[in-house]
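Enquirer: Curious how this folds, go ahead:
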Amino acid sequence: MISIQDKTKCCGCGACVAVCTHKAIALKEDEHGFLYPEVDKTLCVDCGLCDVVCAFGSDKPVENSETQECYAVKNKNIDQLKKSASGGAFSALAQWTFDHGGSVFGAAWNDNMMPVHIGIHSSEDLPQLQGSKYVQSQSHSCFYSVKSELQKGKNVLFCGTPCQCAGLRHFLRKDYANLICVELICHGVPSASFLRSYLDLIEKKVKGKIIDLKFRDKKRGWGALLHATYKKGNGVKHLYLSTGESYYYYYYYYWGGNLYRSSCYNCKYATIHRESDFTIGDYWGIESMHPGFDKTLGVSVLLANTSKAKDIVKRLSDYLDILPSSVEFAKRQNGQLVSPSRQTTSSDVIWDIYKKEGAEGLENYYRKTNRKVILKSKIKRNIPLWLKKSIKSILSKR
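Expert: As a prediction, the model looks like this:
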């Protein structure tokens, strides 16, 4: 039976839970809210399948002998582009899948604003899966649904972190020609309960119930802006916070080494060798690599890692503006294409405060130690977008 002695060897993909037909395995939270498998020995029959499907814990290295193709892409559907975190590569691939009679699986918020993978079957439901969700979702709950769709001969697109995509493929234990795996360029993941404690704190402050959350709202253009939609009384209100105004966002975005799962700092998938069909993320630095490509509403980097992916790219001209690029360009400001995130020396301090004092204690600590960051962020967030563009235009001409 599976037994996690070293937390760096478990990514929490849940493949072991999904494959156990005896329901002998459940995911249990540790002190930081991260989920790890726990076996009920009274139900376990020692079949060994949980170990067989454990991709992350195996010593097998990540390999892909195919030559990658790299592209800078932007969704042609302006509505989908605006709702996307970057250039809308995922939504374009999803739309292509719908148009070919397929289903799409990805992370969505449930009624309690917790992240969970779900399956959708039309573009009307696509907004549920769009946008970055900087937290670990439970993906294994949909693995059997994915398998069922594949066995019916339907096209299926599954989007998740590299370890979630690997977990699904090992769970299936078979290559399916009709499966398209799309992995994110992943920095690492905080736990869902850590996020939930932060949302509880926000709800307490605004005296409302959060019903939607966007980590990368484009009200101020392509970048980082937290947008929480909440119910208060009979109305719906909105809260916008820049990275420096939110301890969760700041520690994730700038000091991510404080919040991630132990396995994220030893991620075997943070390498240029990619097993999924596609790898997608922000094309940071696009202005210097491809200065003529409009980046106003975001640009995605799209890596086609397999023959299947390369064939699909040829058929995406109706969905995406596609510019051939270079893997070397993409790597320059996407470090996780080369190596995992590094854990910072202050992570123990942050986790200790959180353990003893919870979200409020961490909020107080952050505000005491980052006054200048918070003030600068507030000022920057309130500068009109047109003025920001004017300033950048003037500076670029100097």
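Enquirer: where along the stretch 101-250 of the chain do the helices fall?
Expert: 143-151, 162-172, 192-206, 247-253 (DSSP state H, counting those that start in this stretch).
Enquirer: In terms of secondary structure, what does the second one contact?
Expert: Of the remaining helices and strands, those touching helix 162-172 by 3 or more CB pairs under 8 Å, 6 or more residues apart in numbering; DSSP states H and E are helix 15-19, helix 143-151, strand 156-160, strand 179-184. C-beta coordinates here come from the backbone N, C-alpha and C atoms, glycine included.
Enquirer: now those as a markdown table including distance to Asn334?
Expert: As requested, those are arranged in a markdown table below (distance: least, CB to CB, whole Å):
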| stretch | distance to Asn334 |
| --- | --- |
| helix 15-19 | 26 |
| helix 143-151 | 27 |
| strand 156-160 | 17 |
| strand 179-184 | 11 |
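Enquirer: Tell me which of those lies nearest to Tyr134.
Expert: Relative to Tyr134, the nearest member of the helices and strands packed on helix 162-172 by CB to CB is strand 179-184, separated by 10.6 Å.
Enquirer: Spell out, range by range, the strands that occur in the stretch 251-398 of the chain.
Expert: Using DSSP state E, counting those that start in this stretch, the strands of the stretch 251-398 of the chain run over residues 278-282, 300-304, 320-324.
Enquirer: what lines up beside the first one in the sheet?
Expert: Partners of strand 278-282 in the sheet, by DSSP bridges, are strand 179-184 (parallel), strand 300-304 (antiparallel).
Enquirer: quick one, the last one and strand 320-324 angle?
Expert: It refers to strand 300-304. 70 degrees (axes from the mean of the first three to the mean of the last three CA atoms, to 10 degrees).
Enquirer: ok, now the first one?
Expert: Per the same axes, to 10 degrees, the angle that strand 179-184 makes with strand 320-324 is 70 degrees.
Enquirer: Flag every buried residue along strand 179-184.
Expert: Leu179, Ile180, Cys181, Val182, Glu183, Leu184 (16 or more other CB atoms under 10 Å).
Enquirer: Report whether the expected contact of the fourth one with Phe90 is present.
Expert: Yes. Proximity of Val182 to Phe90 meets the contact threshold set by CB atoms under 8 Å, at 6.4 Å.
Enquirer: Between these two, which contacts overlap?
Expert: Common neighbours of Val182 and Phe90, using CB atoms under 8 Å, 6 or more residues apart in numbering, are Cys159, Ile280.
Enquirer: quick one: least confident helix or strand in this structure?
Expert: The helix or strand of the chain with the lowest confidence, counting by mean pLDDT, DSSP states H and E, is helix 385-396 at a mean of 64.
Enquirer: coming back round to it: would you turn the strands paired with strand 278-282 into CSV with distance to Tyr36?
Expert: Compiled in CSV, the strands paired with strand 278-282 are given as follows (distance: least, CB to CB, whole Å):
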stretch, distance to Tyr36
strand 179-184, 22
strand 300-304, 30
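Enquirer: Can you add distance to Asn110 and mean pLDDT and give the ones you listed back as a markdown table?
Expert: Output for the strands paired with strand 278-282, formatted as a markdown table (distance: least, CB to CB, whole Å; pLDDT from 0 to 100):
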| stretch | distance to Asn110 | mean pLDDT |
| --- | --- | --- |
| strand 179-184 | 20 | 98 |
| strand 300-304 | 26 | 97 |
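Enquirer: among the ones you listed, which is nearest Leu157?
Expert: Going by CB to CB, the one of the strands paired with strand 278-282 nearest Leu157 is strand 179-184, 4.5 Å.
Enquirer: Which residues does that closest one contact?
Expert: So strand 179-184 is contacted by 90, 93, 97, 146, 150, 155-162, 164-165, 168-169, 172, 269, 274-281, 308-309, 312 (CB under 8 Å, 6+ apart).
Enquirer: Now, of those, which are buried?
Expert: Counted by 16+ other CB under 10 Å, the contacts of strand 179-184 give 90, 93, 97, 146, 150, 155-162, 164-165, 168-169, 172, 269, 274-281, 308-309, 312 as buried.
Enquirer: For Pro37, which of the helices and strands packed on helix 162-172 is the nearest?
Expert: Here helix 15-19 is closest among the helices and strands packed on helix 162-172 (CB to CB), at 5.1 Å.
Enquirer: Pull out the buried positions in the closest one.
Expert: So, applying 16+ other CB under 10 Å, buried residues of helix 15-19: Ala15, Cys16, Val17, Ala18, Val19.
Enquirer: Looking at those, which is nearest Asp51?
Expert: Nearest to Asp51, judged by CB to CB, of these is Cys16 at 7.8 Å.
Enquirer: For the closest one, which non-adjacent residue is closest in space?
Expert: In space, and not counting its chain neighbours, Cys16 is closest to Cys50: 3.8 Å by CB to CB, 6 or more residues apart in numbering.
Enquirer: so what's that neighbour up against?
Expert: So Cys50 contacts Met1, Ile2, Cys16, Val19, Cys20, Ile25, Pro37, Val39 (CB under 8 Å, 6+ apart).
Enquirer: For those, pick the one with the most neighbours.
Expert: Cys16 (27 neighbours; other CB atoms under 10 Å).
Enquirer: correct me, but that one touches Val53?
Expert: Yes. Look at Cys16 against Val53 with CB under 8 Å: they come within range, at 6.2 Å.
Enquirer: shared neighbours, the two?
Expert: Joint contacts of Cys16 and Val53 (CB under 8 Å, 6+ apart) do not exist.
Enquirer: centre of the chain versus stretch 330-350, how much separation?
Expert: 15 Å (CA atoms, centre = their mean, to the nearest Å).
Enquirer: try stretch 158-178
Expert: On CA atoms, centre = their mean, the centre of stretch 158-178 falls 16 Å from the chain's centre.
Enquirer: Also stretch 37-46?
Expert: That offset, for stretch 37-46, works out to 31 Å (CA atoms, centre = their mean).
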